[in-house]
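Enquirer: what's the 3D shape of this:
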Amino acid sequence: MHRKRLLIGVLSDPKSLRTLGMAAYTTWIEQVSKTATVYFFIGSCLNPIKGFPGKVVCLDTPDAYPPQKKVFLMWSYVWRHHSDEYEWIMKVDHDAYLNVDHMAGLLADLGNPNNLRTYKYIGMPAVGREQEREKLGLNGRPYCSGLGYLMNYRTVKAIGPHTSVCLSNSVSNHSDTEVGRCVQKHTNADCEASPAFAFKQVYYQQDGDRVFPMKLVKGGQMKLTFPEYPKSVHFSSGLLHPLKRAEDFYRFHKQAISHLRPIQPQIAKETSDPNSYRQAVAELRQTCVNNALRQLEKSSFYLKECPTPVAEEQPVVPAEAYVLTRDIPEAAEAFHETEGVLAQNDIKAVKVLVSGWRGEKDASGVVQTNYRQYLQEVLQIFKNAAATGTRRVFLLEDQIVFLCDFKAQFWQLVQNPRCGAHLYTERSGGVLLLGAHEVDPDGLQHIESDRSQAFSEYNHDVKAALCYNANSQTRASFAGIYHRSTFGEILSWISSVLDGPDGELLPFDGALMHLADKGYIVRAAFPNLVLRALPAQTGGEVDEAKQIAVRLRWYEGKYCSRSGELSSV
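Expert: Okay, the predicted model is just below:
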């Protein structure tokens, strides 16, 4: 008999279908539907469920918690209707997130013929809380925690005829322990972990720098706020529980599929629960981030840089670049120069005239002339790109100069596994900045340290040091390539800035740190391929030895206009 591989049963209730159910359906279920069939199991359908797109089975029982009877009725239904149709059946709570990126390993494990020749019961093994362990009737043998677990068809066929008896002989009000007792009685199988698919139960929550345990309410139901800045253990889990709000599903789904690895907040020992603190710190030590330099800068502790996503398509030079152009007479010539250099590199320059923008900045680098219009133009560029399915946006300002061998260096950068490869993924890209304003000596030291660390972590490959992680000193919005996964976050950031008064408008550089903090890859080329302008000859206060050393390092290389090399420091 030919069976399909996997059926997933999501245990829910009518009220939650409209929130958690819909969130699950529009995130992981839409993705997993290519490899598995998914049903939602609820107790009662007295109130019609309108507009819910998923397959729903009504079990004709109250939607009470704990859902012991509902769980047994689900397994009875699966036995009667699907045990001859599927090799494996997986039970999942509606507040659990299934990470589809880890499904390949699970499906490969389930496809092993040896796993179908005997009874199998797979999940997160547990033996119960210490204070009630002896009352569970398990004799210390492990059951599968209720967040999610799997049975092969042999196990389902073995327990199916006995579910009503197992239910009537319950010794506790837990569903997971009683299912475990039923499986053990009729198959002698214990819960076992999958080597290819981790089940993760979150036991603590974090508010600012304080961590504290989850709460148990309504007969043992968990109450917990899922972390806004998940750790590596969350992303590496196949099934993650609990996510108690629909917004948690949507945020974590975006983080998971876009390979976002956010900056981690500090954890204060003094104000945290001791057990939660120990667990949080242990998980933090195993966490990586996409921007190790920003992590150190913001939270004062170092975390390793995560591996950069591998390119999924052939790198190409952008076909066009949007050139934000000042509203002053001399800007026409500046745009003409930029257009000419881009044309030499087979890139079409698209002129974006910013009405009233003169490009003037004060000592802090904030533009003082009609910067609102500048942000509005950038907003429109990204809106159009998102609407048309554009994969990448190349954004420049008109007042820039290019490295003389820009084409060769640019091509090397976009093909670089650490610096540019992420731009050529389906959904895991970030930002590649082609240059930045001069930094101070401390800033240069941080950059060199970041590049040195990358050199070490990428098997002493010098190419890994051709870029560095952006930080608060990185003012580089004049030349950058933005992957489409960043478009929505950029639009949200600009919109929030434009809602404020003119005197509080943040420069677009602020979007770079916003993206970095959220977990996007934001890296800048080194040496600089593009500069806003070359500096004047050194003199006056800048003649301090350290800053001269920075300047010589920052502007090393030859920069050219269309007609030839420009003078530098």
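Enquirer: Could you use CA atoms for every contact and neighbour count after this?
Expert: Fine.
Enquirer: ranges for the helices of the stretch 301-450 of the chain?
Expert: Ranges of helices within the stretch 301-450 of the chain are 331-344, 371-388, 406-414, 441-457, based on DSSP state H, counting those that start in this stretch.
Enquirer: May I see the ones you listed organised as TSV, with distance to Leu434, mean pLDDT and mean neighbour count added?
Expert: Output for the helices of the stretch 301-450 of the chain, formatted as TSV (distance: least, C-alpha to C-alpha, whole Å; pLDDT from 0 to 100; neighbours: other C-alpha atoms under 10 Å):
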stretch	distance to Leu434	mean pLDDT	mean neighbour count
helix 331-344	14	93	18
helix 371-388	18	96	17
helix 406-414	8	93	18
helix 441-457	15	93	17
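Enquirer: what about those helices, which gets the closest to Ile267?
Expert: Smallest distance to Ile267 across the helices of the stretch 301-450 of the chain (C-alpha to C-alpha): 23.7 Å, for helix 441-457.
Enquirer: Mind listing residues that contact the very next helix or strand once past that closest one?
Expert: As assigned by DSSP states H and E, the chain's next helix or strand after helix 441-457 is strand 467-469. The list of residues contacting strand 467-469 from outside it, by C-alpha atoms under 8 Å, 6 or more residues apart in numbering, reads 291-294, 418-419, 447, 450-451, 521-527.
Enquirer: Could you list every helix and strand in contact with the very next helix or strand once past strand 467-469?
Expert: Once strand 467-469 ends, the next helix or strand along the chain (criterion: DSSP H and E) is strand 479-483. Contact partners of strand 479-483 among helices and strands, from 3 or more C-alpha pairs under 8 Å, 6 or more residues apart in numbering; DSSP states H and E: strand 392-397, strand 431-433.
Enquirer: Could you pull out the buried residues of the shortest one?
Expert: For strand 431-433, burial by neighbour count (16 or more other C-alpha atoms under 10 Å) applies to 431-433.
Enquirer: That one pairs with which strands, parallel or anti?
Expert: Sheet partners assigned to strand 431-433 using DSSP bridges are listed as strand 479-483 (antiparallel), strand 522-525 (parallel).
Enquirer: ok, the helix or strand just after the shortest one: who's next to it in the sheet?
Expert: Which is strand 522-525. Sequence-wise, the next helix or strand downstream of strand 522-525 (DSSP H and E) is strand 530-531. The pairing partners recorded for strand 530-531 under DSSP bridges are strand 401-403 (antiparallel).
Enquirer: and the partner strand, how far from the chain's centre?
Expert: Relative to its parent chain, strand 401-403 has a centroid offset of 34 Å by C-alpha atoms, centre = their mean, to the nearest Å.
Enquirer: pLDDT on that strand, on average?
Expert: For strand 401-403, mean pLDDT is 92.
Enquirer: ok, now stretch 262-276?
Expert: The model assigns stretch 262-276 a mean pLDDT of 96.
Enquirer: Give me the contact list for that stretch.
Expert: Applying C-alpha under 8 Å, 6+ apart, the contact partners of stretch 262-276 are 203-204, 208-213, 229-231, 277, 281, 289-291, 294-295, 299, 516-520.
Enquirer: and stretch 459-469, which residues are buried?
Expert: Going by neighbour count (16+ other C-alpha under 10 Å), the buried part of stretch 459-469 is 463-469.
Enquirer: Could I get the residues you listed in JSON lines, plus columns for distance to Glu320 and pLDDT?
Expert: Below are the buried residues of stretch 459-469 laid out as JSON lines (distance: C-alpha to C-alpha, whole Å; pLDDT from 0 to 100):
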{"residue": "Lys463", "distance to Glu320": "26", "pLDDT": "93"}
{"residue": "Ala464", "distance to Glu320": "26", "pLDDT": "95"}
{"residue": "Ala465", "distance to Glu320": "27", "pLDDT": "95"}
{"residue": "Leu466", "distance to Glu320": "24", "pLDDT": "96"}
{"residue": "Cys467", "distance to Glu320": "23", "pLDDT": "97"}
{"residue": "Tyr468", "distance to Glu320": "25", "pLDDT": "97"}
{"residue": "Asn469", "distance to Glu320": "25", "pLDDT": "98"}
